[in-house]
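Peer 1: got a structure for you, letters missing:
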């Protein structure tokens, strides 16, 4: 029996939910030949929503995943349109449930209201997740949806529903922190080379140096994606807080005896899965790594970052009308002072304008120091005129700093940087 016939049979036996009637009516509308595979996928989704048995549901979920993965861009667009319209919230049900709750604020009516405000596609996503490879398939799907949002803002509901589910499915209780070294599987090591977003890894020799005895690399993994790091952090064990990243990245640099190190420098943090954007991993990762390193290496007392300042050059151009070429002519003192102003005063709403600053300050770090020519790579020069920043994680201060940021978006900075930013006449 074809899938369309199976879905029709369920309707005749009364098993089809009301919204599916509208769904299958929409499938009767003509469509270009290039999108016919979208029709089959939507029909499979309808059948999956009608299915009550777990075994048959898992088989249908596998069919849905397979059908989605072979969609070309054009039919995928139509599929997203159907998800947005036919698997949306039923406004009439919401109104009735809201009226009932206003008249009687009972727990039962509240449950009915909560159920009515959930789009039916959330249940579809849960059922797709029953199939083999369901979770990574949904992560891929959200990545595709995110790419379309600028042109299709009406799909924000699709993104919101998947993000809501992912925040539950990828919470800290399901994550496993693993140290990555040269003995880790080649598949995971290849992923590091592919995903590294801060300081590109130039092949296997470069990667091996980053995994030597005076280096550490940790990643979070999820049981549903065992060979896919969700986020990873690279650490250099040093004597003192590093001001320049190039020596740390030099594949020919001398390997330090890790037992003599007194500082752990976090020089790269990479989120790997675009489909999990908005799911917080970094704060858990840094805190866990700090605890683990403190236990392993008792002489390490300082935990610092060597961070890029990705928005600085753009801010110079936008707010100070300083062209990139002219910025290169500024003196060291002027560039450093303006960078302090940017990190401490420039805002995106109430938050700091710089995304890296937002990340570390929200985790409880203190902005400690700016480093002239801390990153002389092409990317470092383009985004921040070569400047880098050190954020310090002091365990005794992390919670207090976090609270100050969460409450007032306060930028906790060293007195030296506070004085440097205050020297600006405009204070912007």
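Peer 2: Cool, got the structure. If you're wondering where the values come from, they're calculated on a predicted model, not measured in any experiment.
Peer 1: list the contacts for residue 166?
Peer 2: If a contact means CB atoms under 8 Å, 6 or more residues apart in numbering, then residue 166 has 138-139, 142, 275-276, 278-279 as its contacts. All C-beta atoms are positioned from the backbone trio N, CA, C, and that covers glycine.
Peer 1: got a list of what residue 257 touches?
Peer 2: 213-214.
Peer 1: among the contacts of residue 166, which are in helices?
Peer 2: Judged by DSSP state H, the subset of those located in helices is 138-139, 142.
Peer 1: output these as TSV; include the columns pLDDT.
Peer 2: Below are those laid out as TSV (pLDDT from 0 to 100):
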residue	pLDDT
138	98
139	98
142	98
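Peer 1: of the residues you listed, closest to residue 214?
Peer 2: Nearest to residue 214 among these is residue 139, at 34.1 Å by CB to CB.
Peer 1: quick check: closest non-adjacent residue to that closest one.
Peer 2: Nearest non-adjacent residue to residue 139, counting by CB to CB, 6 or more residues apart in numbering: residue 275, 3.7 Å away.
Peer 1: what's the pLDDT at the one you found?
Peer 2: Per-residue confidence at residue 275 stands at 97 (pLDDT).
Peer 1: residue 56 now?
Peer 2: Note for residue 56: predicted pLDDT of 84.
Peer 1: tell me which helix or strand it sits in.
Peer 2: Assigned by DSSP states H and E, residue 56 belongs to helix 54-69.
Peer 1: so where's the chain uncertain?
Peer 2: Under the criterion pLDDT under 70, the flagged ranges of the chain are 1-36, 53, 424-428.
Peer 1: what about the strands in it?
Peer 2: Under the criterion DSSP state E, strands of the chain are mapped to 176-179, 215-221, 231-238, 263-271, 302-305, 347-348, 351-352, 366-371, 388-393.
Peer 1: which other helices and strands does the fourth one contact?
Peer 2: Okay, so that is strand 263-271. strand 231-238, helix 246-249, helix 282-296, strand 302-305 (3 or more CB pairs under 8 Å, 6 or more residues apart in numbering; DSSP states H and E).
Peer 1: how much space is there between the nearest residue to residue 123 once chain neighbours are set aside and residue 134?
Peer 2: Nearest residue to residue 123 in three dimensions, chain neighbours excluded: residue 49, at 6.9 Å (CB to CB, 6+ apart). Per CB to CB, to the nearest Å, residue 49 is found 15 Å from residue 134.
Peer 1: check residue 280 too.
Peer 2: In terms of CB to CB, residue 280 sits 22 Å off from residue 134.
Peer 1: what's near enough to touch the residue positioned nearest the centre of the chain?
Peer 2: For the chain, residue 277 is the residue whose C-alpha lies nearest the centre (CA atoms, centre = their mean; 2.9 Å). By CB under 8 Å, 6+ apart, the contact set of residue 277 is 146, 271.
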